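S.K.: need coordinates for the following:
(one chain, ligands or ions: 2)
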Amino acid sequence: MREFDEKSITRAVIGRLSECHDPRFKRVMTSLITHLHDFVRDVKLTEDEWLTAIQFLTDVGATCTDKRQEFILLSDTLGVSVLVITLNHPAYRGSAESTVMGPFYWEGAPDLPRGSNLAVGVRGEPAFYSGRVLSADGRPIENALLDIWSGDGDGNYDMQLPQETGMKARGRIRTDAEGRYWFRSIRPTFYPVPTDGPVGRMLRHMGRHPYRPGHIHMIVSAPGHLPVTTHLFVAGSQYLDSDAVFGVKESLVAQFDRHAAGVGPDGERIDTSFYTVNYDFRLRAAQS
Ligand code: BEZ
Ligand code: FE
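M.R.: Ligands and ions are numbered 1, 2, ... in the order given. The predicted structure is shown next:
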């Protein structure tokens with residue numbers, strides 16, 4: 001057939017996959033074409049809207065650099081990233097849940113001894129983090145690695161601050177023989193995802209705010225176990241119920257207990273109030 005109507009066009013495009021010998025790609029493309037055509041028919045897309053969409057995607061691409069990934073931000077803000085993560089990392093026997101990676105991971109953070117202050121010279125209220133890394137059946141995992149990063153107390157990551165050239169509020173900490181970890185950093189605060197590009201325009205047009213609730217990021221890994229890219233969210237933080245990237249999981253919300261100025265858990269005097277938070281991560285065995 002040469003000529004297509006608004007229904008037969010879908011079958012025709014899918015039919016052109018008959019010589020595709022990659023079964024997974026064929027399945028994905030068939031579904032994509034089906035849903036895309038259904039969407040266009042459903043909203044009866046106008047030519048102006050089609051052009052606006054093309055221009056929008058062009059702008060998203062043009063905004064990407066080696067330091068900025070606007071397509072991932074688009075995926076994050078449309079809930080696609082969390083959907084993919086949730087499908088690929090289903091909850092398993094109380095093991096730590098995964099959430100979005102975000103754009104501010106910086107590989108090669110320094111290996112620091114347990115108890116280190118990751119946030120030397122970083123603005124923010126001091127917070128002492130501690131807990132254990134355990135297997136799904138509750139056995140402590142020695143030498144598990146926590147690769148940690150967060151913004152400062154104003155919600156800015158080191159990469160976003162023009163005056164910062166090096167890493168800040170980042171570090172890699174390993175657990176002891178009892179699976180315990182502890183370190184000092186700051187209590188993170190809420191902050192907006194980048195809004196100066198096309199995704200920011202889209203959010204404004206949708207009537208949405210761009211904020212994420214306060215959280216600290218970590219990748220927790222150990223030999224023989226599946227690594228988890230996750231966050232700890234600050235209980236009570238603004239935007240927990242409306243995270244701009246839908247990354248909140250109830251199991252990742254941690255209590256930050258406030259203490260008056262005095263001696264911190266590390267035995268050092270602190271002149272300001274500070275927080276403590278305790279959280280255990282359970283890792284799923286690689287063969288389970
Ligand atoms: C973040 O938490 O760092 C983040 C996640 C997704 C989009 C933007 C920022
Ligand atoms: Fe973040």
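
S.K.: excluding its backbone neighbours, what's nearest residue 148?
M.R.: Spatial nearest neighbour of residue 148, excluding adjacent residues (C-beta to C-beta, 6 or more residues apart in numbering): residue 218 at 4.7 Å. No exception for glycine: its C-beta is placed from N, CA and C like everyone else's.

S.K.: scratch that, residue 131 is what I was asking about
M.R.: Spatial nearest neighbour of residue 131, excluding adjacent residues (C-beta to C-beta, 6+ apart): residue 279 at 4.4 Å.

S.K.: so who does that neighbour touch?
M.R.: The neighbours of residue 279, taking C-beta atoms under 8 Å, 6 or more residues apart in numbering as the test, are 129, 131, 232, 254.

S.K.: just to revisit the earlier point, so the residue nearest to residue 148 sits against residue 227, correct?
M.R.: No: with contact defined as C-beta atoms under 8 Å, residue 218 does not reach residue 227; the gap is 10.3 Å.

S.K.: neighbour count: these two, which is higher?
M.R.: Relative neighbour count places residue 218 above the other of residue 218 and residue 227, with 24 against 16, counting by other C-beta atoms under 10 Å.

S.K.: residues contacting the more buried one?
M.R.: For residue 218, the contact set (C-beta under 8 Å, 6+ apart) comprises 146-149, 229-232.

S.K.: among those residues, which are in strands?
M.R.: Using DSSP state E, the subset of these located in strands is 146-149, 229-232.

S.K.: and ligand 1, which of these reach it?
M.R.: Of the residues in these, proximity to ligand 1 by C-beta under 6 Å from any ligand atom holds for none.

S.K.: now that we have those residues, which one has the most neighbours?
M.R.: Neighbour max across the ones in strands among the contacts of residue 218 (other C-beta under 10 Å) = residue 231, 27 neighbours.

S.K.: show me what contacts that one?
M.R.: Counting by C-beta under 8 Å, 6+ apart, the residues that residue 231 touches are 99, 215-218, 247, 252.

S.K.: now do the residue of the stretch 1-150 of the chain found nearest ligand 1 against residue 247, distance only.
M.R.: Sorted by distance to ligand 1 under C-beta to the nearest ligand atom, the residues of the stretch 1-150 of the chain start with residue 102, at 2.7 Å. Residue 102 sits 8 Å away from residue 247, going by C-beta to C-beta, to the nearest Å.

S.K.: what do these two both touch?
M.R.: Counting by C-beta under 8 Å, 6+ apart, the residues touching both residue 102 and residue 247 are residue 76.

S.K.: not counting sequence-adjacent ones, nearest residue to residue 274?
M.R.: In this structure, residue 274 finds its nearest non-sequential neighbour in residue 126, 4.1 Å apart by C-beta to C-beta, 6+ apart.

S.K.: show me what the helix or strand encompassing residue 82 is packed against.
M.R.: In this assignment (DSSP states H and E), residue 82 forms part of helix 80-88. Counting contacts by 3 or more C-beta pairs under 8 Å, 6 or more residues apart in numbering; DSSP states H and E, helix 80-88 is packed against helix 70-77.

S.K.: list the buried ones in the helix it packs on?
M.R.: Neighbour-count burial for helix 70-77 flags 70, 72-77 (criterion: 16 or more other C-beta atoms under 10 Å).

S.K.: ok, stretch 51-70 next?
M.R.: Neighbour-count burial for stretch 51-70 [16+ other C-beta under 10 Å]: 60, 63, 69-70.

S.K.: just how off-centre is that stretch within its chain?
M.R.: 20 Å (C-alpha atoms, centre = their mean, to the nearest Å).

S.K.: that stretch and ligand 1, are they touching?
M.R.: No: remark: stretch 51-70 sits outside contact range of ligand 1, by C-beta under 6 Å from any ligand atom, the gap being at least 9.2 Å.

S.K.: ok, now which ones touch the closest residue to ligand 1 within the stretch 151-288 of the chain?
M.R.: Using C-beta to the nearest ligand atom, the single residue of the stretch 151-288 of the chain nearest to ligand 1 is residue 193, 3.9 Å away. For residue 193, the contact set (C-beta under 8 Å, 6+ apart) comprises 73, 76-77, 199, 210-212, 244-245.
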